[in-house]
Every structure is written in C-alpha cells, then in structure tokens.
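Q: here are the coordinates; sequence isn't available:
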C-alpha cells in the first residue's frame, strides 16, 4: 500500500507523480539487466560454436528473401554469424545497446526487441536480393541504437536526449551502414532494423503518455 503524504493541516496532499519509465537512462536494476544481456550474448556464442564445431551448419538458416522456406530465418537470423570475426564485431554494441534498452523494464525491452526483430527481418525478406542469405545481429543492434537515439525526443526527456548525444558521438558513424554499397553487408537489415527501432521508440512514448501517472494510493 502506498504511503500518502499529508499537509500540516492534516489534509491529504497529492502524491508525487512517478517518473515515467521512458525517462530512465539506466535500468532500475543494473546488475540483473547486465546478467540478462550477458546471457543473451552468450546465446550468440553458443550458436556460433555449434555452427563452427559441429556438423549442424546453422548459417544457411538465415533470411532467404521472398522464399517461403526463408521466412523462419526471421527468427534465427540475429542468432547466426558468418564466423567469429563477425560475431566479435557485433558483441560490444549488442551488449551496450541491449543493456541501455532495458531501462524501461523487461516488458518494454521484450516488446521493443520483438518489434525490431520481426519487422526488421520482414523488411529484409521483402526487399533483399534474390539468392542471398542474411544473418547477424546487426539489424537488432541498429534497431536498439535508433530506439535509444530517438526515444528521448518523443518523450521530451532531457536525460534521454543527453544519452542520445553521447551515443551518437561514439557510434553515429555506423548509421551509414543503412546505405547500400558495401559488398557482403546486409544494408537492408540495418535499414529496416533502424526503421523498426524508430517505430518502437514512438510506440513506447505514446503508450507511456497514455498510461499517465499512477493513481493516488495504488499499490
């Protein structure tokens, strides 16, 4: 039961409105969030180890554009990488952006990641070149980055905007990866992951605004 503050005269005073979840910069429980992201990243390494060290040959299970048998690649693609070098290049941004994206809570993180994962993959499936196979977590990484860069503006949060400025200063250059030109790089995954991250930021902000402050005396 919430504690209701009272004035000197004994009248009930309004409780302070809770800080909106989208205005957070770091997860409320940093250690569990970090352990979750370490486990999530570990899953990528387990997948790559199975691909490299066993006869399973997982990489062909990526997104195969406009092929019905390639639709399930939307689920598997972010978990697969074209060798250890590819995975190592994705590891730090995957950990950092994923950790920061958990600031709004686990439920919000799952919703945001699911939006990026599915819509980003579907975009690749729709417009990717024929006879190509798209794998790697970079689409999700681009989605998280754009989510973090834009949600502060949608939420009118100075702290989130400050974080966005720092992230852009460090990683902003990678956004050129949404442009075609580099052979062997799925710019489609980068582009649609980024667009899905932008959509997720807008949807989260709208949902947060509709929720409003918690009712007085709620548990």
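A: Now that the structure is in, tell me what you want to look at. Quick caveat: nothing in here was measured; it's all calculated off a predicted structure.
Q: excluding sequence neighbours, find me the nearest residue to the residue positioned nearest the centre of the chain.
A: What sits nearest the mean C-alpha location of the chain, by CA atoms, centre = their mean, is residue 144, with 3.3 Å. Counting by CB to CB, 6 or more residues apart in numbering, the nearest residue to residue 144 once its immediate chain neighbours are dropped is residue 97, at 3.7 Å. Placement of C-beta: from N, CA and C, glycine included.
Q: at which residues are the strands of this protein located?
A: Under the criterion DSSP state E, the chain contains no strands.
Q: so residue 194 sits against residue 140, correct?
A: No: contact criterion CB atoms under 8 Å: residue 194 and residue 140 do not qualify, at 10.6 Å.
Q: rewinding a little: spit out the contact partners of the residue nearest to residue 144.
A: Taking CB atoms under 8 Å, 6 or more residues apart in numbering as the criterion, residue 97 is in contact with 141, 144, 145, 148.
Q: what about the residues you listed, which one has the most neighbours?
A: Most neighbours among the contacts of residue 97, by other CB atoms under 10 Å: residue 141, with 30 neighbours.
Q: local confidence estimate at the nearest residue to that residue once chain neighbours are set aside?
A: Of all residues beyond its chain neighbours, the one nearest residue 141 is residue 93 (4.9 Å), with distances taken as CB to CB, 6+ apart. Residue 93 carries a pLDDT score of 98 in this model.
Q: my guess is residue 175 contacts residue 194, does it?
A: Yes: judged on CB under 8 Å, residue 175 makes contact with residue 194 at a distance of 7.2 Å.
Q: overlap in contacts of these two?
A: Here residue 175 and residue 194 have 142, 145, 146 as joint contacts, going by CB under 8 Å, 6+ apart.
Q: what is the helix or strand of the chain with the lowest mean pLDDT packed up against?
A: Of all helical and strand segments in the chain, the minimum by mean pLDDT, DSSP states H and E falls on helix 187-211, at a mean of 93. Here helix 187-211 touches helix 106-127, helix 138-155, going by 3 or more CB pairs under 8 Å, 6 or more residues apart in numbering; DSSP states H and E.
Q: how about residues contacting the first one?
A: Contact partners of helix 106-127, identified using CB under 8 Å, 6+ apart, comprise 21, 36, 63-66, 70-71, 73-75, 77-78, 98, 101-102, 104, 134, 139-140, 142-144, 147, 186, 188-189, 191-193, 195-197, 199-200, 203-204.
Q: just want the angle from that helix to helix 138-155.
A: If you take axes from the mean of the first three to the mean of the last three CA atoms, to 10 degrees, helix 106-127 sits at 120 degrees to helix 138-155.
Q: buried set for helix 106-127?
A: For helix 106-127, the buried set under the neighbour-count rule, 16 or more other CB atoms under 10 Å, comprises 108-109, 111-113, 115-117, 119-121, 123-125.
Q: tell me the angle of it relative to helix 187-211?
A: Helix 106-127 runs at 140 degrees relative to helix 187-211, counting by the same axes, to 10 degrees.
Q: picking up where we left off before, how about the helices and strands packed on helix 187-211, which one is nearest residue 48?
A: helix 138-155 (14.4 Å; CB to CB).
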